[in-house]
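[1] Dropping the sequence and predicted coords here.
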Amino acid sequence: MKVLAGIVLYHPDLNRLRENLASVRGQVDGIAVWNNGGMNPSDLDDGVVFLSQEDENIGIASALNALCAYAFKNGYDWILTLDQDSVVPAGLVSTYRLYAGDAVTGMLCPCILDRNYGTMAYDRGSESEVEEVDACITSGSMLRLSAWKESGGFWDALFIDMVDFDMCWSLREKGYKIIRVNSLSLYHEIGHSRKVVFLGKENVVFNHPPVRCYYNARNTLAVGRKHHAQKKCRRWLLRRIVLINLYERERFKKDRMIFKGIIDSFRLGESE
């Protein structure tokens, strides 16, 4: 079982990136990075494969596909996908290996500890060692490359946001399982997020810039239509709109970008 660590870079903090690389080196059989902007090969240690397209930002989905294609071509069986600022806990990959033998396991993931707000109830896991989940974020997850290929890969048109959910749901539609290992936790950071309680339930306010609100709205609806989960995704978007208008700044700009994203989601669905 040969594992590649794949990291998508975009103007990273070099100290955090080096911490990330140090934490994963020795756990995997190789490391490759895709540069979406702001990096130079000389900034990286020897042994890290540097992939790029003339410093162009091709988006998260296309960059992940490029890393998966590189791994598949070079004989790797799995890819550990990481964000540039995610620090891997010791023993992550060796623990994943314990559960990777089942042919229907398409992806393995950890519990997530956000640097800003800690954990959400749905990310804390149960008392069982492992459990099947509907979806997970890309960072810290290990994807079976044959399953990536069979599922059609990441949806390039998404660019950013909902890339992970689309991949997970595509895997599940092909009969694969997403397995969370509850003994593993990964430190991660999504925007300038914070936890709030709304209508008696925990929610996260992400404080993303307006352009991210556009992609989130567009992609949430497009992915919902693709996977016949329109009601669920509409509820997610409605809740996000309410939270933005209650707890975030630049509400007018964000609402305007959300409206644009809703309109453009229909065009994205047509171009799939």
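    In hand now; what should we look at? Numbering: from 1, shown residues only.
[2] tell me the contacts of the closest residue to residue 78 other than its chain neighbours?
    Excluding its sequence neighbours, the residue lying closest to residue 78 (CB to CB, 6 or more residues apart in numbering) is residue 3, at 4.8 Å. Heads up, the C-betas are built off the backbone N, CA and C, glycines and all. Contact analysis of residue 3 by CB atoms under 8 Å, 6 or more residues apart in numbering lists 27-29, 76-80, 93, 142.
[3] Check which helices and strands the strand ranked longest in the chain sits against.
    Across the chain, the longest stretch assigned as strand under DSSP state E is strand 177-188. Packing partners of strand 177-188 (3 or more CB pairs under 8 Å, 6 or more residues apart in numbering; DSSP states H and E): helix 92-97, strand 105-114, strand 130-133, helix 163-173.
[4] Buried residues, that strand. List them.
    For strand 177-188, a neighbour-count test (16 or more other CB atoms under 10 Å) marks 178-181, 184-188 as buried.
[5] between it and helix 163-173, how many degrees?
    Interaxial angle of strand 177-188 relative to helix 163-173 (axes from the mean of the first three to the mean of the last three CA atoms, to 10 degrees): 160 degrees.
[6] Pairing partners for the helix or strand following strand 177-188, with directions?
    Going down the chain from strand 177-188, the next helix or strand is strand 194-198, by DSSP states H and E. According to DSSP bridges, strand 194-198 forms sheet pairs with strand 201-205 (antiparallel).
[7] For stretch 130-140, buried residues please.
    130, 133, 135-140.
[8] so how far is residue 213 from the closest residue to residue 104 other than its chain neighbours?
    Distances taken as CB to CB, 6+ apart put residue 177 closest to residue 104, at 5.4 Å, once the chain neighbours are dropped. Separation of residue 177 from residue 213 (CB to CB, to the nearest Å) stands at 32 Å.
[9] Quick one: residues in contact with the one helix or strand residue 258 maps to.
    Residue 258 is part of helix 251-270, with elements assigned from DSSP H and E. Contacting residues not belonging to helix 251-270 are listed as 157-158, 210-211, 213-222, 225-226, 237, 241, 244-245, 248 [CB under 8 Å, 6+ apart].
[10] about what we covered before: closest one of the buried residues of stretch 130-140 to residue 66?
    residue 138 (13.9 Å; CB to CB).
[11] contacting residues for the closest one?
    With CB under 8 Å, 6+ apart, residue 138 has these contacts: 60, 64, 81, 83, 163-164, 167.
[12] Now do the same for it: its pLDDT.
    With respect to pLDDT, residue 138 scores 94.
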